[in-house]
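S.K.: Any chance you could fold what I've pasted below:
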Amino acid sequence: MKALPPSAFAVVRALVGILLLVAAGLKGHQLVTEPVSEHDLLSSRWFLILWIEVELALGLWLLSGLARRAAWATTLACFAGFAGVALYKGLIGEASCGCFGRIEVNPWYTLVLDGAVVAALAFLHPPLLSPPPTARPRLRFAAAAAVGLAAGTPFALTAALFEPTTLSADGQVVGSSRVVLLEPEKWVGGRLPLLPHIDVAKQLAKGQWTVVLYHHDCPHCQERVPQFEREARKQAGRVGDAKVAMVELPPYAPAGRSLLPPDTSCLAGCASDARDWFVETPTILTLLDGVVVDAKEGDDTKGPSPARLAGLPPVAGEKPVPLEASGYDFGFVEPKSPHKVLLTVSNPSKKPLVITKVRSECKCMSAVAAEGAIPPGATAPVRVVLVAPEKPVLYNKRILLQTDDKDCPVIPIPIKAAVGLPLNTEPAAVDLGAVASGSQHERTVTVVNRSKTPVRLIYSTSSGSGCFAKVPRNPVPPLGSLAVPVVIRAQRTGRQTVSLQIQTDLALQPSVTVPVQFVVGVAGDAVREARADAATAVSSRKETAQ
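M.R.: Sure thing, here's the model as predicted:
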């Protein structure tokens, strides 16, 4: 490879050296002023300290001009490694490469930059035979080493000993750092600790509120805050709707750049600028008389959920319930009544599993998962809260758990309930199988009453002739059951499905439906043929559903 004039490499090494020092400085500033996520090796504090020291030393080495060929080879190898890290972070979907501290840069952009540096170093390299060092390069190296020791050693100690300042349960700032780490997930069930540091705390301490913590320069906030404001404007004045408060975190928006319009219907407030509040924004809090009922960091919830309000306080003596493939059935529940269950989710894989986010298919329902990784073969609790809808319905919705496992990115949890429908039958359907034409059969169906009031059965109707119920005169007792004989008179041949309805005096559930199935035949071949037709029909329905 033919070397270009020394001045060409001198320009490249100077630019790359400055780039390394800038990146090291930005990461260093973040490490000594902020906590880090530390969810893996590449984001751990000690690895970042080592990475910064390497960048600092390499940048000073390049600027010193000493041992140019060795510096060139080392820089080429380092940037090839940097490109590998950027590629890895891009493939796993990281939003930022983390190379420039607080400044978020897409890993794919960083990969292009690293690749450009590698290409430049491959074509612009120092002469193969370097001249012997003179006094000037030695002086430059000595000066660079002194600067590196003077800056690197105190930085490493400061970054390693960094302890984030936090907020206690009573609102006291614990620690001396200006940066205060907010942990909304730990606030649920207690009074909002940030209240003493918000200028509209008196209003927030009373009533039901949805509080949005936001930064004016956050891209997600710039998208979500106007949507929250429009939703608040629509629901303003509605009875039972929570009021919405927008609390801006410092640094505040310059004049004319507020995310809220001047005539906003939201309560506009600010957190004290005496501290730098560290939290993912927008953060949505649900308050009830100053108590945090729900907290979501970066969540897109537009308003308060009745299910979240029902999440307080915890159920005394609550026992975990193993999660089955069919999900969980609350059974009979009264309309608008709150209910909870603590489900245990297992991790059948051979590596730790982290539940990264919990979503609900319905506003009536919410869930909170345990923090931290679930070890292989272990279980973790997930609390599900349901506030039953106002109208009677067979409720069947899902909770979705998002995980960090690419092989199992989501875990759906079906949640069922019979809202305002206390009656059911056991068995749920009657199947007589094969019967002879002209024969009469009788089966007993038990009607179960899960309410606290008696229910009278009045009469029965049927979608087909020859099927009826002998309705007893006695009512179904509260929290009890009643046996009801069902009579079937086989008439025409073939497979038959009859819908038997038992009428009641219950306004919320005026009837109970019992499907009745049977196959009528005059000979064994006809019965077998009818059964085969029924099996084919069932298989066809399954294929259609899939």
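
S.K.: how far away is Ala268 from Asp289?
M.R.: For Ala268, the distance to Asp289 (Cβ to Cβ, to the nearest Å) stands at 21 Å. In this view, the C-beta of every residue, glycine as well, is placed from N, C-alpha and C.

S.K.: Looking at the two, which has the bigger crowd around it?
M.R.: More crowded of Ala268 and Asp289, by other Cβ atoms under 10 Å: Ala268, with 16 against 12.

S.K.: now that one, what's its secondary structure?
M.R.: Applying DSSP: H, G, I helix; E, B strand; the rest coil to Ala268 yields a three-state assignment of strand.

S.K.: Would you confirm that it contacts Leu260?
M.R.: Yes. Using Cβ atoms under 8 Å, Ala268 is in contact with Leu260, at 5.7 Å.

S.K.: intersection of neighbour lists for those two?
M.R.: Residues touching both Ala268 and Leu260 by Cβ atoms under 8 Å, 6 or more residues apart in numbering: Met246.

S.K.: Mind telling me what element the most centrally placed residue in the chain is part of?
M.R.: The centroid of the chain falls nearest to Lys357 when counting by Cα atoms, centre = their mean (1.6 Å). Following DSSP states H and E, one finds Lys357 within strand 353-360.

S.K.: chain center to whichever helix or strand comes after that strand, what's the gap?
M.R.: Sequence order places strand 365-369 as the next helix or strand after strand 353-360, per DSSP H and E. In terms of Cα atoms, centre = their mean, to the nearest Å, the centre of strand 365-369 is set 9 Å apart from its chain centre.

S.K.: again, but for stretch 77-96
M.R.: Distance of stretch 77-96 from its chain centroid, counting by Cα atoms, centre = their mean, is 25 Å.

S.K.: With stretch 105-119 instead?
M.R.: 31 Å.

S.K.: Touching whichever helix or strand Thr110 is part of from outside, list them.
M.R.: Using DSSP H and E, Thr110 falls within helix 107-123. Helix 107-123 is contacted by residues 1, 4, 12, 16, 19, 72, 75-76, 79-80, 82-83, 86-87, 89-90, 94, 96-97, 99 when judged by Cβ under 8 Å, 6+ apart.

S.K.: Mark which of those residues are buried, thanks.
M.R.: Neighbour counting over these (16 or more other Cβ atoms under 10 Å) leaves 12, 16, 19, 72, 75-76, 79, 82-83, 86-87, 89-90, 94, 96-97, 99 as the buried ones.

S.K.: and the residues you listed, which of them are in helices?
M.R.: Using DSSP state H, the subset of the buried ones among the contacts of helix 107-123 located in helices is 12, 16, 19, 72, 75-76, 79, 82-83, 86-87, 89-90.

S.K.: CSV please, covering those residues and showing distance to Lys243 and pLDDT.
M.R.: Output for those, formatted as CSV (distance: Cβ to Cβ, whole Å; pLDDT from 0 to 100):
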residue, distance to Lys243, pLDDT
Val12, 59, 83
Val16, 55, 87
Leu19, 50, 87
Trp72, 63, 85
Thr75, 58, 87
Leu76, 60, 87
Phe79, 54, 88
Phe82, 49, 86
Ala83, 51, 88
Ala86, 45, 85
Leu87, 48, 87
Lys89, 41, 78
Gly90, 42, 80
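
S.K.: the inter-axis angle of the strand holding Lys357 versus strand 365-369?
M.R.: Following axes from the mean of the first three to the mean of the last three Cα atoms, to 10 degrees, one obtains 170 degrees for the angle between strand 353-360 and strand 365-369.
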